[in-house]
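Visitor: Got a predicted model here, sequence first, then my questions.
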Amino acid sequence: MSDDSTRPIVIKRKKVVAGGAHGGAWKIAYADFVTAMMAFFLLMWLLGSTAKGDLQGIADYFQNPLKVSMQGGSGSGDATSILQGGGKDLTRQSGQVKKGDVEAAKKTTFSKEAQLEFRRQERERLEVLKASIEKMIASSPQLSQFKKQLLLDITSEGLRIQIVDEQNRPMFDLSSAELKPYTRDILRQIGKALNAVDNRISLAGHTDAAQFSGGEKGFSNWELSANRANASRRELVLGGMDDSKVLRVVGLAQTVLFDKNDPLNSANRRISIVVLNRKTEMAILQEEGPESEISDEDGLPAGLNLPADARARAG
């Protein structure tokens with residue numbers, strides 16, 4: 001049995017290295033902090049540079065992504081999609097859509113906005129013209145007695161002015177294109193007023209359903225209505241209206257009745273003057289029907305006061 005008193009005593013000491021707390025862990029924490037700050041400032045920059053409509057689209061996407069995807073274009077990169085895709089070039093504002101398609105879309109947007117603004121201004125001008133003619137009729141002792149025979153309204157084609165017959169007060173001699181003296185005065189005063197706007201006009205002559213009798217063989221309500229419309233055109237020009245404003249003169253016979261319930265009503269015998277809006281004028285010139293649209297901004301007349309955002313997009 002060994003003697004414990006002779007065994008050597010071993011003392012273990014733990015060596016403490018100075019600066020152990022300054023290892024690499026703090027660098028990871030700092031990198032996380034810097035990354036978070038970068039993300040924060042990037043978010044602030046995006047919020048400040050994104051339009052209100054785009055922000056709403058982003059918010060809608062996170063609230064209901066299925067709805068956004070259903071309302072978007074054919075793909076996430078389509079320019080018609082609410083949230084546009086990226087593609088290889090992240091600086092492109094239209095995602096993966098071809099450049100030509102983007103320019104066409106911008107042009108279409110500008111054209112639509114320009115058309116809407118022009119039509120609003122044009123309708124205002126026609127309303128002013130309508131009020132001016134109504135005031136002229138009311139203030140003229142010569143015209144006021146024919147107030148019931150002068151009908152003005154705004155239609156899809158423009159401002160329509162109709163001069164209708166009354167039973168005992170016709171505009172023309174019976175079965176003739178010869179105007180009554182008072183009809184000449186009415187047309188001449190209206191012709192002077194029509195120069196207040198740049199719009200061109202269309203004239204149409206109408207008859208009732210009574211068949212024309214007499215005259216040369218083959219002469220009918222068609223020829224009679226056309227002759228009366230052309231006679232009215234001459235009086236408008238004599239009254240001071242620029243002859244170049246006339247775009248169309250037609251005779252419609254009894255095909256467009258004023259009183260469909262009574263084809264023989266004297267009111268069906270009338271002259272219709274339409275101050276054409278731009279849409280109808282373009283349709284007549286292009287022979288595409290009244291539903292045709294102005295194709296681009298070049299089709300708009302000079303002097304159109306576009307909104308500021310439309311002018312910026314046009315530039």
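Guide: Received it, and whenever you're ready, just let me know what you need. Numbers count the residues shown, from 1 in each chain.
Visitor: How is this structure partitioned into domains?
Guide: Residue ranges for the domains of the chain, per automatic domain parsing: 30-69, 122-300.
Visitor: looking at those, which one has the lowest mean pLDDT?
Guide: Among the domains of the chain, domain 30-69 has the lowest mean pLDDT, at a mean of 78.
Visitor: Would you point to the one among the domains of the chain that's packed deepest?
Guide: Among those, the stretch with the highest mean neighbour count (mean count of other CB atoms under 10 Å) is domain 122-300, at a mean of 16. All C-beta spots, glycine's among them, are computed from the backbone N, C-alpha and C.
Visitor: For the protein, just list every one of the helices.
Guide: 25-49, 52-63, 65-71, 99-139, 141-144, 181-194, 221-238, 278-286, 308-314 (DSSP state H).
Visitor: okay, the ones you listed in JSON lines with distance to N168 next?
Guide: Below are those laid out as JSON lines (distance: least, CB to CB, whole Å):
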{"stretch": "helix 25-49", "distance to N168": "74"}
{"stretch": "helix 52-63", "distance to N168": "63"}
{"stretch": "helix 65-71", "distance to N168": "63"}
{"stretch": "helix 99-139", "distance to N168": "20"}
{"stretch": "helix 141-144", "distance to N168": "18"}
{"stretch": "helix 181-194", "distance to N168": "13"}
{"stretch": "helix 221-238", "distance to N168": "19"}
{"stretch": "helix 278-286", "distance to N168": "35"}
{"stretch": "helix 308-314", "distance to N168": "54"}
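Visitor: Quick one: closest of those to L247.
Guide: For L247, the closest of the helices of the chain is helix 278-286, at 6.1 Å, according to CB to CB.
Visitor: Is V197 in contact with R123, as I believe?
Guide: No. Assessed by CB atoms under 8 Å, V197 is found out of contact with R123, at 11.5 Å.
Visitor: which residues touch the closest residue to A204 other than its chain neighbours?
Guide: Excluding its sequence neighbours, the residue lying closest to A204 (CB to CB, 6 or more residues apart in numbering) is S272, at 4.5 Å. Contact partners of S272, counting by CB atoms under 8 Å, 6 or more residues apart in numbering, are R160, I161, Q162, L203, A204, G205, H206.
Visitor: now do 7 Å
Guide: Counting by CB atoms under 7 Å, 6 or more residues apart in numbering, S272 makes contact with R160, Q162, A204, H206.
Visitor: again, but for V246
Guide: Going by CB under 7 Å, 6+ apart, V246 touches I201, L203, R233.
Visitor: From those residues, pick the one nearest W26.
Guide: Looking across these and measuring by CB to CB, the closest to W26 is I201, at 84.9 Å.
Visitor: Okay, and the beta partners of that closest one?
Guide: V246, V275 (DSSP bridges).
Visitor: From R270, how far off is it?
Guide: Remark: distance between I201 and R270 (CB to CB, to the nearest Å) = 16 Å.
Visitor: Correct me if wrong: L236 contacts L187.
Guide: Yes. Contact criterion CB atoms under 7 Å: L236 and L187 qualify, at 5.4 Å.
Visitor: quick one on the thing from earlier: out of the helices of the chain, which is closest to V250?
Guide: Once the helices of the chain are compared by CB to CB, helix 221-238 is nearest, at 6.3 Å.
Visitor: Restricting to C-alpha, output the closest one in CSV.
Guide: Extracted in CSV, the C-alpha atoms of helix 221-238 (Å, rounded to 0.1, in the frame of the first residue of the first chain):
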residue,chain,number,x,y,z
ASN,A,221,-90.1,62.5,-103.1
TRP,A,222,-86.4,61.6,-103.4
GLU,A,223,-85.7,64.3,-106.0
LEU,A,224,-88.0,66.8,-104.2
SER,A,225,-86.3,66.3,-100.8
ALA,A,226,-82.8,66.5,-102.3
ASN,A,227,-83.7,69.7,-104.2
ARG,A,228,-85.1,71.3,-101.0
ALA,A,229,-82.0,70.4,-99.1
ASN,A,230,-79.8,72.0,-101.7
ALA,A,231,-82.0,75.1,-101.8
SER,A,232,-81.5,75.4,-98.1
ARG,A,233,-77.8,75.1,-98.5
ARG,A,234,-77.8,78.1,-100.9
GLU,A,235,-79.7,80.2,-98.4
LEU,A,236,-77.3,79.3,-95.6
VAL,A,237,-74.4,80.5,-97.7
LEU,A,238,-76.2,83.7,-98.7
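Visitor: quick one: that helix to helix 181-194, angle?
Guide: Interaxial angle of helix 221-238 relative to helix 181-194 (axes from the mean of the first three to the mean of the last three CA atoms, to 10 degrees): 60 degrees.
Visitor: so what secondary structure elements neighbour helix 221-238?
Guide: When contacts are defined as 3 or more CB pairs under 7 Å, 6 or more residues apart in numbering; DSSP states H and E, helix 221-238 packs onto helix 181-194, strand 201-206, strand 246-251, strand 270-276.
Visitor: Let me know which of the ones you listed is the nearest to V34.
Guide: Nearest to V34, of all these, is strand 270-276, at 67.4 Å by CB to CB.
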